[in-house]
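In: task: produce atomic coordinates for the following.
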Amino acid sequence: MRHHPNHPERGFTLLELLVAIAIFAVLAAMAYGGLNTVLTTSRYAALRVERLIRVEAAVATLSRDLVQVVDRPIRDEYGDPRPSFLGGGLRGNQGLEFTRGGRRNPGDFPRASLQRIGYTVQDGWLLRLSWQVLDRAQDSTPISQPLVARMEGLTFRFLDNTRIWHEQWPPENALRTTPPPNSIPLAVEVNLHFQD
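Out: Next comes the predicted model:
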């Protein structure tokens with residue numbers, strides 16, 4: 001290509017190049033701010049979804065257990081009888097304890113198909129407790145399975161056979177009512193209270 005004297009060579013001056021770089025830097029900074037916001041929102045949403053999945057799994061586990069409640073009283077660690085279903089104020093805190101059926105035994109081990117289950121909140125965790133035996137000895141300790149963190153509490157209401165709701169089960173006035181309530185409530189309302 002030959003240089004023609006009537007057409008001088010054109011290019012960017014240093015000042016034009018600096019202005020272009022400055023404009024590009026401003027646009028890149030704005031794009032990074034937007035991208036950072038999108039990434040932060042995405043991380044937060046993923047954490048919320050993971051938490052929701054854990055809460056839904058805990059509720060599903062509790063529901064599965066409650067559907068399989070059976071009327072089988074037990075004896076506690078001291079040999080005292082305990083009802084099939086206990087709920088509400090258990091030893092000073094809100095919780096549930098009941099006997100459930102449907103315990104699978106694929107290995108055909110010598111054990112019952114019934115199991116004692118409990119739910120309580122300790123140290124900010126919703127715990128599922130399960131005992132290996134129904135009628136306990138003094139060394140019987142529950143297996144604790146943490147389900148959901150950042151819990152504040154757990155409250156219940158129980159519907160008896162006369163369609164009256166109670167804050168604990170068996171109801172305080174269970175012996176004075178006519179007809180007496182069933183040993184197992186007709187329905188259980190569960191309220192989970194979270195810190196977040």
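In: where do the helices sit along the chain?
Out: 14-67 (DSSP state H).
In: so which residue is dead centre in it?
Out: In the chain, the centroid-proximal residue (C-alpha atoms, centre = their mean) is residue 55; its distance is 2.9 Å.
In: what's the distance between that one and residue 191?
Out: As defined by C-beta to C-beta, to the nearest Å, residue 55 lies at a distance of 13 Å from residue 191. In short, each C-beta sits where N, CA and C put it, glycine included.
In: how close does residue 102 sit to residue 114?
Out: Distance, residue 102 to residue 114, by C-beta to C-beta: 9 Å.
In: so between these two, which is more surrounded?
Out: residue 114 (17 against 12; other C-beta atoms under 10 Å).
In: could you measure from the more buried one over to residue 188?
Out: Distance, residue 114 to residue 188, using C-beta to C-beta: 19 Å.
In: now do residue 62
Out: On the measure of C-beta to C-beta, residue 62 and residue 188 end up 9 Å apart.
In: return the helix or strand in this protein with minimum mean pLDDT.
Out: strand 85-90 (a mean of 79; mean pLDDT, DSSP states H and E).
In: show the pLDDT at residue 116.
Out: Per-residue confidence (pLDDT) for residue 116: 91.
In: and what of residue 98?
Out: So residue 98 comes in at 92 (pLDDT).
In: burial of it, as a residue count?
Out: 27.
In: look up the closest residue to it, ignoring the ones flanking it.
Out: residue 85 (4.4 Å; C-beta to C-beta, 6 or more residues apart in numbering).
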